[in-house]
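**Student:** sharing a model that was predicted from the sequence below.
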Number of protein chains: 2
Amino acid sequence: MSDHNAIERESGATFMPRFDEKGLLTAIAVDSANGEILMLAHMNADALAKTRETGLATFWSRSRGALWCKGETSGHFLKVTEIRVDCDQDALVLIVTPQGPACHTGARSCFYRRLTDAGLEPV
Amino acid sequence: MSDHNAIERESGATFMPRFDEKGLLTAIAVDSANGEILMLAHMNADALAKTRETGLATFWSRSRGALWCKGETSGHFLKVTEIRVDCDQDALVLIVTPQGPACHTGARSCFYRRLTDAGLEPV
């Protein structure tokens, strides 16, 4: 990447997503109501396009190798109200209104445990 | 991974970090004062051990191929007060007290732009 591109990517107004070698960005979903981090997943270009088109968070499932509209089976969609981009444009924050628990375990957030010296405990 | 391991990993009290094929976890740093997402980076086992030992967020720099204690050159350390783990234990949330701007650009957070149909604009 040229210096010019690096500067434009960091400080410019042009969206220049930097997909990794697998064609993925990292996306963090946060609850618009309280800023709580709900989940982390990945997006390829199709998932991002679908998310922008439909307003529903859509990811690339690395385990299934398929596009995955979060909530397509559970009904627990994440309605996207805003997308933020980080300095080097390889990560996104999705500000969302969750239509149910974001975690497949039924938890509101996937981050329901904290790490202690003794192991994990509920938050 | 056996089903037993999958269940233990998701609902148990045992920390069983699931490093990717490059030996990395994804870590999101959030400000303890207001829950704002500050930055996203990666940790290998050494970075995680160092973070737990020192209380200062330490990552694996993929571009430099080296351990990187955030703030080691700028003085803008991230003091870690809590580490949360997600359901499948491949992502961490670091709740931190930042000692200065988290972004190398000088911004408080790396996520200082939103995506619009016209491109990027300041948050």
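**Tutor:** Thanks, I have it.
**Student:** from now on I want contacts and neighbour counts done on CA atoms only, so please keep to that.
**Tutor:** Fine.
**Student:** got the residue ranges for the helices in chain A?
**Tutor:** A:3-11, A:45-54 (DSSP state H).
**Student:** by mean pLDDT, show me the worst of those helices.
**Tutor:** Mean pLDDT is lowest for helix A:3-11 among the helices of chain A, at a mean of 87.
**Student:** for chain B, which of the helices of chain A is the nearest?
**Tutor:** Among the helices of chain A, helix A:3-11 comes nearest to chain B, with 8.2 Å by CA to the nearest CA.
**Student:** if we can go back for a sec, winner for burial among the helices of chain A?
**Tutor:** Sort the helices of chain A by mean neighbour count, taking mean count of other CA atoms under 10 Å in any protein chain shown, and helix A:45-54 sits at the top with a mean of 16.
**Student:** now distance to chain B too, for the helices of chain A, in CSV please.
**Tutor:** CSV is the format used below for the helices of chain A (distance: least, CA to the nearest CA, whole Å):
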stretch, distance to chain B
helix A:3-11, 8
helix A:45-54, 9
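**Student:** want to throw the ones you listed into CSV with distance to residue A:32?
**Tutor:** Conversion of the helices of chain A to CSV gives the following (distance: least, CA to CA, whole Å):
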stretch, distance to residue A:32
helix A:3-11, 25
helix A:45-54, 16
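**Student:** tell me which residue is most central in chain A.
**Tutor:** residue A:27 (2.3 Å; CA atoms, centre = their mean).
**Student:** against residue A:10, how distant is that one?
**Tutor:** Counting by CA to CA, to the nearest Å, the gap from residue A:27 to residue A:10 is 18 Å.
**Student:** try residue A:112
**Tutor:** 33 Å.
**Student:** quick one: the strands in chain A, in order.
**Tutor:** For chain A, the strands defined by DSSP state E cover A:25-31, A:37-43, A:58-61, A:66-69, A:78-85, A:91-98, A:113-116, A:119-122.
**Student:** in its sheet, what does the third one sit against?
**Tutor:** On the basis of DSSP bridges, the sheet neighbours of strand A:58-61 come out as strand A:66-69 (antiparallel).
**Student:** what about the strand it pairs with, distance to the chain center?
**Tutor:** 13 Å (CA atoms, centre = their mean, to the nearest Å).
**Student:** what's in contact with it?
**Tutor:** For strand A:66-69, the surrounding residues in contact (CA atoms under 8 Å, 6 or more residues apart in numbering or on different chains) are A:46, A:47, A:56, A:57, A:58, A:59, A:60, A:61, A:77.
**Student:** any idea which of these the model trusts least?
**Tutor:** residue A:61 (95).
**Student:** neighbours around that one, how many?
**Tutor:** 17 (other CA atoms under 10 Å in any protein chain shown).
**Student:** quickly note the distance from it to residue B:67.
**Tutor:** Taken as CA to CA, the span from residue A:61 to residue B:67 is 29 Å.
**Student:** check residue A:15 too.
**Tutor:** Counting by CA to CA - residue A:15 and residue B:67 are separated by 29 Å.
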